[in-house]
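*Asks:* Let me see the structure of the following:
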Amino acid sequence: MLKILGLGNSFSWDATTYLDRIADDLYVRNLHIGGCSLEMHVDKIQNKKAWYEYQAQGVKIGEKTVSANDIIASEDWDYITVQQVSHYSGMYETYEPYLTEVLDFIRKTCPGAKIVWHQTWSYAKDSTHGGFANYNHDQELMWSKIEECSHRAVREHNLDGILEAGKAIQTLRRTLEPDGTDFCRDGFHLSYDYGRYAAAYVWAKYFSQSITDFVPAGADPARIAEIRRIIDSL
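*Replies:* Numbers count the residues shown, from 1 in each chain. You can find the predicted model right below:
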């Protein structure tokens, strides 16, 4: 059973909540601080701050928050995912030197782990998130910048792969019948039914050999099947 750890924020929370229900051969955990950027991760790691919510299936484990230092050292993780905070994810000037420092820490602390980039998604077209102004409130512009930066991060740091959740969400927006949400529940976090499922399915396809027929509560199985078909075609 592969051990997967997300080092992220609410976007890795979205992506991992359903993951081990879609792929039952994975052990999945997530380190979450809302709105945590690469720069903030560096601060928490360098100062060994126990500020992270440690999650399984989107639910906090235990009563206390934890440090990334302890969690990364606590298991022989097979994969650790990293990402930039959503509003900076298409602005490569915000990545460094922080991405280098995060990767150096992971490689030193858990040298057996492969490191994979989690590509986040652009905001809904009507999002009121303040960071949308970084992209002139233009969903397609934001997506193009995220795509460019994510592949640059993988290339320049010789990462082991990329989880193209952002590509999947944008493709679904272009090809599926709109449901009025743009796959978001608040303009930037993924909807609990189809958005979260789509991101987790991207991860499942990357990591797993055992995809289940899990459907989130309240979701239409036919629409889930269509989401899977479209992501399978990418």
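
*Asks:* doesn't residue 29 fall inside a strand?
*Replies:* Yes - using DSSP: H, G, I helix; E, B strand; the rest coil, the assignment for residue 29 is a strand.

*Asks:* Let me know the secondary structure of the closest residue to it other than its chain neighbours.
*Replies:* Using CB to CB, 6 or more residues apart in numbering and skipping residues adjacent in sequence, the residue nearest residue 29 is residue 5, 5.2 Å away. In short, each C-beta sits where N, CA and C put it, glycine included. Of the three states, residue 5 takes strand under three-state DSSP.

*Asks:* who's in contact with residue 5?
*Replies:* By CB atoms under 8 Å, 6 or more residues apart in numbering, the contact set of residue 5 is 29-31, 71-72, 75, 77, 79-81, 113.

*Asks:* Could you measure from residue 192 over to residue 198?
*Replies:* Between residue 192 and residue 198 the computed distance is 12 Å (CB to CB, to the nearest Å).

*Asks:* what are the ranges of the strands in this protein?
*Replies:* Using DSSP state E, the strands of the chain run over 2-8, 26-32, 53-56, 59-60, 79-82, 114-118, 161-163.

*Asks:* what about residue 138, neighbour count?
*Replies:* Burial of residue 138 is recorded as 14 neighbouring residues (other CB atoms under 10 Å).

*Asks:* Mind pulling up the pLDDT for residue 179?
*Replies:* Here, the pLDDT recorded for residue 179 equals 86.

*Asks:* And the nearest residue to residue 88 once chain neighbours are set aside, how far from residue 39?
*Replies:* Distances taken as CB to CB, 6+ apart place residue 94 nearest to residue 88, at 4.0 Å, with adjacent residues excluded. Distance, residue 94 to residue 39, using CB to CB: 7 Å.

*Asks:* With that, I have no additional questions.
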